[in-house]
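Engineer: the sequence and its predicted three-dimensional model are supplied below.
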Amino acid sequence: MAKNSHSKTVGYILWFFGFTGSHRFYYGKPVSGTIYFLTLGLFLIGWIIDLFLIPSMDRQADMKYPEGSVNYTVAWILLSYLGLLGAHRFYMGKWITGIVYLLTGGLLGIGYLYDFWTLNGQIAEINEAA
């Protein structure tokens, strides 16, 4: 049975806002995600090219990140929309840091940005331990 830790559909939805790099962060590519964020998707050209690269990025993420009790898609949606409140951390069972994020606005946004870089790895660690 093929692994499916990430969703191609969600990848395309995030691609729509891809000039922010969100789909690249989702697929575990924080360096290029940051570059896309700072350059509006490499001046929109990279953003258009990524329309065709998403199936490949999805396969790579599925092979790299293990499935388990924490769903990558749910965690990424929570991070994207409620990350400053720590919703993704509560979902992953990280109650103490979830409360800290809730009280400090994601440690004044710094922890929120850190989680964009590391969320896939955090989830993989939890899923491998289970």
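Structural biologist: Arrived safely, thanks for sending. Numbers count the residues shown, from 1 in each chain.

Engineer: gap between Gly83 and Asp115?
Structural biologist: Relative to Asp115, Gly83 is positioned 6 Å away (criterion: Cβ to Cβ, to the nearest Å). C-beta: built from backbone N, CA, C; applies to glycine.

Engineer: run through who's touching the helix or strand containing Thr73.
Structural biologist: Using DSSP states H and E, Thr73 sits in helix 72-82. Here helix 72-82 makes contact (Cβ atoms under 8 Å, 6 or more residues apart in numbering) with 5-7, 10, 22, 25-26, 61, 65, 87-88, 91-92, 112, 115-116, 119-120, 123.

Engineer: before we move on, what about stretch 100-120?
Structural biologist: Contacts for stretch 100-120 (Cβ under 8 Å, 6+ apart): 25, 28, 30, 33-34, 61, 65, 72, 75-76, 79, 83-86, 88-89, 97, 122.

Engineer: send me the helix holding Thr73 as CSV with only the CA atoms.
Structural biologist: Coordinates of the C-alpha atoms in helix 72-82 are reproduced here as CSV (Å, rounded to 0.1, in the frame of the first residue of the first chain):
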residue,chain,number,x,y,z
TYR,A,72,0.2,16.4,8.3
THR,A,73,-2.6,18.2,6.5
VAL,A,74,-4.6,18.9,9.6
ALA,A,75,-1.5,20.2,11.4
TRP,A,76,-0.6,22.4,8.5
ILE,A,77,-4.0,23.9,8.2
LEU,A,78,-4.0,24.6,12.0
LEU,A,79,-0.5,26.2,11.7
SER,A,80,-1.5,28.3,8.7
TYR,A,81,-4.7,29.7,10.2
LEU,A,82,-4.4,29.4,14.0
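
Engineer: buried set for it?
Structural biologist: Buried residues in helix 72-82, counted by 16 or more other Cβ atoms under 10 Å: Tyr72, Ala75, Trp76, Ile77, Leu78, Leu79, Ser80, Leu82.

Engineer: do I have it right that Ala61 meets His23?
Structural biologist: No - applying Cβ atoms under 8 Å as the test, Ala61 and His23 come out as separate, 10.5 Å apart.

Engineer: tell me which of those two has more neighbours.
Structural biologist: Remark: of Ala61 and His23, His23 carries more neighbours, 27 against 22, as counted by other Cβ atoms under 10 Å.
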